[in-house]
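A.B. asks: could you work out the structure for the sequence below:
(chains A and B, ligands or ions: 1)
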Amino acid sequence: MLHNKSFVKKTKSGKITKNVREHYLRDDIYCGVTICKVCDSSAARLSGSASSPILVLDTNVVLNQIDLLENPAIDDVVVLSIVLQEVRNRNLGVYNRIRALCSNSARKFFVFSNEHHKDTFVQDMAGESKNDRNDRAIRVAAQWYKSHLGGAAHVLLITNDRENKRKATEEGIPAETIEAYVKSLDRRDLLDLLVRPASEDVNMEEVEDLRPSKRKVIYAEHKPLSEITSGLHQGIYHQGKLRVNRYNPFEAYVGSESIGDEIIIYGRGNMNRAFDGDIVAVELLPQDQWHEENSLSLADEEDEEEGVHLVPGSADDAPRTTNLVQSAAGPPRPSGQVVGIIKRNWHSYCGSLEPMPMPAGDGGVAHALFVSKDRRIPKIRIQTRQLGNLLSKRIVVTVDSWDCLSRYPSGHYVRTIGEIGDRDTESEVVLIENDIDARPFSSQVLACLPPLPWSVSSEDLANPIRQDLRHLLVFSVDPPGCKDIDDALHCAALSNGNFEVGVHIADVTNFVHPSTPLDDEAAQRGTSVYLVERRIDMLPKPLTEDICSLRADVERLAFSVIWEMTPEAEIISTRYTKSIIKSCAALSYIEAQARMDDSRLADPLTTDLRNMNTLAKIMRHRRIERGALTLASAEVKFQIDTETHDPLDIGMYQIREANQMVEEFMLAANVAVAEKILKHYPLCSLLRRHPTPTKEMLEPLLRTAASVGLDLDISTSKALADSLDRAVGEDPYFNKLIRILATRCMTQAVYFCSGDLTLPEYHHYGLAAPLYTHFTSPIRRYADVIVHRLLSASLGIYKLPAIFQDRPQLTSIADNLNYRHRNAQMASRASVELHTLIYFRKRPTDTEARIVKIRSNGFIVFVPKFGIEGPVYLTERSEKGGGEWFVDEQQQKIKRMDGSISYGVLQKVNIHMEVVEPQPNRPKLQLNLV
Amino acid sequence: MEYVSPEGLRIDGRRPMEMRKLQAEIGVVAKADGSAVFEMGNTKVIAAVYGPREVQNRSQQLSDQALVRCEYSMANFSTGDRMRKPKGDRRSTEISLVIRQTMEACILTQLMPRSQIDIYVQVLQADGGTRSACINAATLALADAGIPMRDFVTSCSAGYLNSTPLLDLNYVEDSAGGPDVTVGILPKLDKVTLLQMDAKLPLDIFENVMQLAVEGCKAIADYIREVLSENTKQLEYRRGL
Ligand SMILES: [Zn+2]
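C.D. replies: Numbers count the residues shown, from 1 in each chain, chains lettered A, B, ... in the order given. Presented below is the predicted three-dimensional model:
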């Protein structure tokens, strides 16, 4: 059946045009109820019985109550196509979630294409608004279900629209509000999931503000969108994404292209209800108000203290502003206030309720404040009927609204993760917070795996693109217990006195083909994530631990880079080939080191190891000569109880020569591959760059160095490397400490698409290399998978997948990889912090620490043995800044008024570490001076 | 943008392999030797054929075959925005050429040396797939004019959106910027006479999309055959046979 829909539309240039579109009505759209005798039930989802109703939802119920719908207690739902269409136009995030529910085979959600069904399509009526027309369409569809199913099943229309409900009842369709329906289910926990309409919000206010006339306006009204648009146009307002300082939630930045600088937003008042990640419109403050730094967190209504955390691995982990002892160098930076929010970045957050006394009479509705684990998020007000149960739990909460009369946004409870402090619960929190997908791989993904058990086939051997390297003495060197071995090496002495050195990398792209579900999943995950007690793989386990892993004594497919080198480590030739190898030994770093050190051994493997080590040392030396930085990180290592998974011991990760040897050849292979792919694909190669740190970023390092009388030259990476080498004090640990401080001033290296930048920008500062990429870990990094495809294509083995012709797509892949990479690192750090806390819970310890930063009421210490850093208070927190201590900015010292005691940067102190619980269920690690 | 819903319906309610509604009428221009209106959904094209007749410009006369000429135009009211398009723009010239070459390939031109056949095609309503509709209309008009043909050409397009091959794109789907394959075939001889594509497509997907378009051509051929035989019956009836 055919029907023409005509409608008028305004074009971009303002002209009104009439559009006529065809609209086909069909008779082959089925109801999706399994017991229906009329319809084809092959795709049916809805069980439907006389007792439990089939629900037909209206648009607003889907838009507002998506958290409730995601709860398995709600099922047998008909989702009309008109509802989907409206939801899609109004909120894409909710649309994706309802779509996911519809495609989830475990749930009974069925999409009914009412707009194309011959009996449920409704024509526009004259004088009827679009909303009314759609409400009518929903009622017609509900009516159709009712008469179609007859007495076999009960149909219930769920709508909170009073008018719609009235009309439905008139037309004889059973209708309920969502609240009434949930109440009828008799599930108290479900009521918490309900989103209350904004008008009911009034009685949720703080007690003193109950009378509406007394309610203070706390935040400025947001400007209407039309005003913002014209303001942006005239250059009065500036648009950008708001980023809240991870270490100081009262400070945020908005990168603005229009003024070419970052605008600083101080305080929650100026942030005006904006969340991290929101797209906002900002107005600059008058210039005389640009200096508010010294009063920042102290002046604000709530004070959140800094906890003990892991030592930052780069500038991205470190607090953005330095401490209060900051020289007022340079002109003040522009600061501003948010006048409107263009796009919200609200999602759900993990955290716990702020401890509070139980209100009298359990079971009633309680108002509680939710504190997110992510410090950038303000507290969120929620209503709950299960307060007693939730106080000791980690929960997930979503934000619903934030009006200018309330200090905190309001939201609602979504689900419980588990007990606070429980290792599994906290690990899950770490995963959720960092947006890491730890779900098992779907059946579609697993279907892409080769049949198991897998072994090298005769076709692989006969394949002309593959070179048979099984005769070579190939070995791998990894951390102990490593199962995903992506690299192996060989080093053979040639008759002309040179060496043939090979780096063999797992041939992942032989199994992961472009545009398969497996490939899409890996691209989405981006990287494997290493937590202390578990690993979340990028590729399914059979690939990660078996088929791709270059284990000892089995034949494996590899992608090899092979050099001929002189004994002076000069590269004579480089070749790249797909290969078949058979590793003879999977060594740990310790084993490899022991073999090299044991002078009695002279077997071929040990000889190769020693030759290789000699070459690596020369290469390393040359690299450092070129200006590569040897930075120090304070990586800690846990020894985990195999049964309980509790940490038994922690200590710094020891770096041996064997580690450096492997690292050196991996670097060389990555550089060699980067050169090759860029030569063939100058516009679509995936490379990795490390931006040169600005002087401003190195400022904290220079200041600390100056206070201990050390002069650092930061003009080039070479100069910095040299002056770091010269930084030797009486203290044997001094040099390492300076290097750790230098490391945290650098930003992280990032992936990028070569077509997006110019050649000088490709530079990798830390390695002092003009070109760099990632090739050597395809099992656990997706970037390497892409690079493998580029390399195969440049060798003419395979065609380049179509995606490489789509530059914006490639750029977004690189962005996703950077995002995933960063999250994986943050998750690893959070996991280590969590296990540190668990470890010290039973073991209060005295240890040595170094002062790295002076505060107005104490200092920040670094604990080398455990790789953590945290505050030590000299005065009570309440008398901050006052009391008997004063800060000497010049010397970076905090001194007692009478001059009897002083503490300076880099000074050694003894501290006591123990876990305290100042509030119930909130354990934290506390550092005190001994 | 979602062009095919997970339920398998396109924006206008068709399934991926379904064609729009076809409608054709023969003999709509009384003065012409042959004429036809062909509709594919909201795309509507009129074609008129004059000839075989004497060659107007003697210098163009071919001694061994007929001269086929084609003029394509688009009515100003054919699209929603009613833009005034100058005659003889590049697109029109290109489509004229495509239609001429396609029709030439099926007309038995060597049977009519030193004569001229004119094909006029005008788009009355444009809603995607105009090229195919023009060819189908021209075929019907040629048949109506009784011009000897090897076989009649039919044409249909197919595209590829949301990882799904789609038959007979309408304007909305066509403007999505995805690949669009227009195919013309000689159904009885099972030969492809026209193949146009304006995007890149991996080979295996291309084969699927093209196969779909060929299926579309065959369905149109069935319809055209039906229209022609219906027309013959009408003529027989009028002559009282
Ligand atoms: Zn049915």
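A.B. asks: contacts only, for the spatially closest residue to residue A:683 that is not a sequence neighbour.
C.D. replies: Nearest non-adjacent residue to residue A:683, counting by CB to CB, 6 or more residues apart in numbering or on different chains: residue A:755, 3.8 Å away. (Each C-beta comes from the backbone N, C-alpha and C, glycine too.) By CB atoms under 8 Å, 6 or more residues apart in numbering or on different chains, residue A:755 lies in contact with A:682-684, A:807, A:810.
A.B. asks: so of those, which two are at opposite extremes in space?
C.D. replies: A:682 and A:810 (13.2 Å; CB to CB).
A.B. asks: if we ignore the residues flanking it in sequence, what's nearest residue B:123?
C.D. replies: Leaving aside its sequence neighbours, residue B:123 sits nearest to residue B:74 (CB to CB, 6+ apart; 4.5 Å).
A.B. asks: okay, now that neighbour: neighbour count?
C.D. replies: Neighbour count for residue B:74, taken as other CB atoms under 10 Å in any protein chain shown: 22.
A.B. asks: look up how far the ion lies from it.
C.D. replies: Using CB to the ion, to the nearest Å, residue B:74 is found at 46 Å from the ion.
A.B. asks: which pLDDT value belongs to that residue?
C.D. replies: If you check residue B:74, the pLDDT there is 86.
A.B. asks: contacting residues for it?
C.D. replies: Contacts of residue B:74 (CB under 8 Å, 6+ apart): B:85, B:92, B:122-123, B:126, B:130.
A.B. asks: now tabulate those residues in a markdown table and tack on neighbour count.
C.D. replies: Formatted as a markdown table, the contacts of residue B:74 follow (neighbours: other CB atoms under 10 Å in any protein chain shown):
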| residue | neighbour count |
| --- | --- |
| B:85 | 15 |
| B:92 | 17 |
| B:122 | 17 |
| B:123 | 23 |
| B:126 | 20 |
| B:130 | 25 |
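A.B. asks: now, these that are in helices?
C.D. replies: B:92, B:130 (DSSP state H).
A.B. asks: enumerate every residue touching residue 191.
C.D. replies: I'll assume chain A. Counted by CB under 8 Å, 6+ apart, residue A:191 has contacts A:182-183, A:385.
A.B. asks: the chain in question should be chain B.
C.D. replies: Applying CB under 8 Å, 6+ apart, we find residue B:191 in contact with residue B:185.
A.B. asks: same check on residue B:177?
C.D. replies: Counted by CB under 8 Å, 6+ apart, residue B:177 has contacts residue B:199.
A.B. asks: please name every helix or strand in contact with the helix or strand of chain B with the lowest mean pLDDT.
C.D. replies: Lowest by mean pLDDT, DSSP states H and E among the helices and strands of chain B is helix B:171-174, with a mean of 88. Packing partners of helix B:171-174 (3 or more CB pairs under 8 Å, 6 or more residues apart in numbering or on different chains; DSSP states H and E): strand B:154-161.
A.B. asks: export the strand it packs on to PDB, keeping only CA atoms.
C.D. replies: Coordinates of each C-alpha in strand B:154-161 appear next as PDB, following Å, rounded to 0.1, in the frame of the first residue of the first chain:
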ATOM      1  CA  THR B 154      15.900  -1.800 -18.900                       C
ATOM      2  CA  SER B 155      17.700  -0.100 -16.100                       C
ATOM      3  CA  CYS B 156      17.700   0.000 -12.400                       C
ATOM      4  CA  SER B 157      20.000   1.300  -9.700                       C
ATOM      5  CA  ALA B 158      21.200  -0.100  -6.400                       C
ATOM      6  CA  GLY B 159      23.200   1.300  -3.600                       C
ATOM      7  CA  TYR B 160      25.000   0.400  -0.400                       C
ATOM      8  CA  LEU B 161      24.200   2.000   2.900                       C
END
